[in-house]
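Engineer: No letters, just coordinates:
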C-alpha cells in the first residue's frame, strides 16, 4: 500500500508539472500561495512549531506580525514548490531573469586559487533556484549537498529536474569524502546549512537569540583546504524574481583549529541572521531548528 501511495504521488507531481508549464507566471504564483495555505493548516503540530520558533526569536514582534510571518513563510514554501517544478523552463540569461546574481564573477575569480569554492545558503526565498541558476550561468557544475526524501519515486523525479542545469546532487549522509575530493579537484560545493545539525556534526551557536546545533562542516572544510567560502541568499522582489549578492567570508585571520571553526561558523550565522531580520517571511521557520539532541 505504501509503495502504491508513493507512486500515486509521483503521478501527481508529473501531472501537476505539466499543468504548471503552460500556466502564466502570475497564476502559478497564486497557486503556490494557495498550496502554502494548505501546508499551513494541514499540520497543527508543525504550525505550532513554526509559531513557537518565531515568537522565541529575537525579532521582537507583535502578535499580528507573528501571524503575518507565519502566513508568508508558508506561502514561500508553496511558491518554492511550483517554481521548482518548472525550474528548467526559466531563461536565467534573459535581460530580466528569474534569478539575478549581482556578482557571480567572484566565483570564477575564487576558483583561480585552485582550492575549490564553498557556497552557503539557507531555506530563504527560493533556495532551489540559486544553485540551478548558478550552474547555468557559470557553465560549471555545482555539487549540492542534499537530504534525500522519504518517497524514493518523487525524490528521484525532483532530483532529475534539479540536475538539468548540469549540477550534481550529493547525499548528505555520504558526502564527506566526495566533498574533500571535489575541493581537491577545484570544484564547487553548495550547501544549505541552516537546519539543526546532528549533535556529532555540530557546534553550539547563538542563532536568532537562542542556542542551536549548527553544522560545522563548511568551516572545517574551508579552513582545512583553504577553499574560499561565500554566502548567498535569494531576495524576492514584488515581481517574484530574485536577486543574490555573494559575500565572501573572511578566513585569512583564522587558524585551522576549533576556535577558527567557531569564528567562521559565526560569520556565516551573522549573514543568515541579517537576511532573516530583513526578510522574516521568506525564511522557513517550520523546522525544529532549536531542538537540542
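Structural biologist: The structure has been received and is ready for your questions. Keep in mind it's a predicted model, so treat the numbers as computed, not measured.
Engineer: Please, where are all the helices along the stretch 151-293 of the chain?
Structural biologist: 152-162, 176-184, 217-225, 258-278 (DSSP state H, counting those that start in this stretch).
Engineer: mind putting these in CSV, mean pLDDT included?
Structural biologist: Shown next, in CSV, are the helices of the stretch 151-293 of the chain (pLDDT from 0 to 100):
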stretch, mean pLDDT
helix 152-162, 89
helix 176-184, 95
helix 217-225, 97
helix 258-278, 97
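Engineer: winner for burial among those?
Structural biologist: Using mean count of other C-beta atoms under 10 Å, the stretch among the helices of the stretch 151-293 of the chain with the greatest mean number of neighbours is helix 217-225 (a mean of 21). From N, CA and C alone the C-beta is placed, and that goes for glycine too.
Engineer: Show me what it is packed against.
Structural biologist: If you count contacts as 3 or more C-beta pairs under 8 Å, 6 or more residues apart in numbering; DSSP states H and E, helix 217-225 packs onto strand 117-121, helix 176-184, strand 188-192, strand 229-231, helix 258-278.
Engineer: What distance do you get for the closest residue to residue 116 other than its chain neighbours to residue 144?
Structural biologist: Of all residues not flanking residue 116 in the chain, residue 183 sits nearest, at 3.5 Å (C-beta to C-beta, 6 or more residues apart in numbering). Taking C-beta to C-beta, to the nearest Å as the measure, residue 183 falls 15 Å from residue 144.
Engineer: can you give me the strands in the stretch 51-200 of the chain?
Structural biologist: Using DSSP state E, counting those that start in this stretch, the strands of the stretch 51-200 of the chain run over 99-101, 117-121, 142-146, 168-171, 188-192.
Engineer: now the third one, how far from the centre of its chain.
Structural biologist: If you compare the mean C-alpha spot of strand 142-146 with that of the full chain, they lie 11 Å apart, counting by C-alpha atoms, centre = their mean, to the nearest Å.
Engineer: And for the fourth one?
Structural biologist: Mean C-alpha position of strand 168-171 versus that of the full chain (C-alpha atoms, centre = their mean) differs by 14 Å.
Engineer: Can you list the buried residues in that strand?
Structural biologist: Buried residues in strand 168-171, defined by neighbour count with 16 or more other C-beta atoms under 10 Å: 168-170.
Engineer: now those as a markdown table including distance to residue 276 and pLDDT?
Structural biologist: Putting the buried residues of strand 168-171 into a markdown table (distance: C-beta to C-beta, whole Å; pLDDT from 0 to 100) gives the following:
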| residue | distance to residue 276 | pLDDT |
| --- | --- | --- |
| 168 | 29 | 94 |
| 169 | 26 | 93 |
| 170 | 26 | 93 |
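Engineer: with those residues in mind, which one is nearest to residue 262?
Structural biologist: Using C-beta to C-beta, residue 170 is the member of those that sits closest to residue 262, with 25.0 Å.
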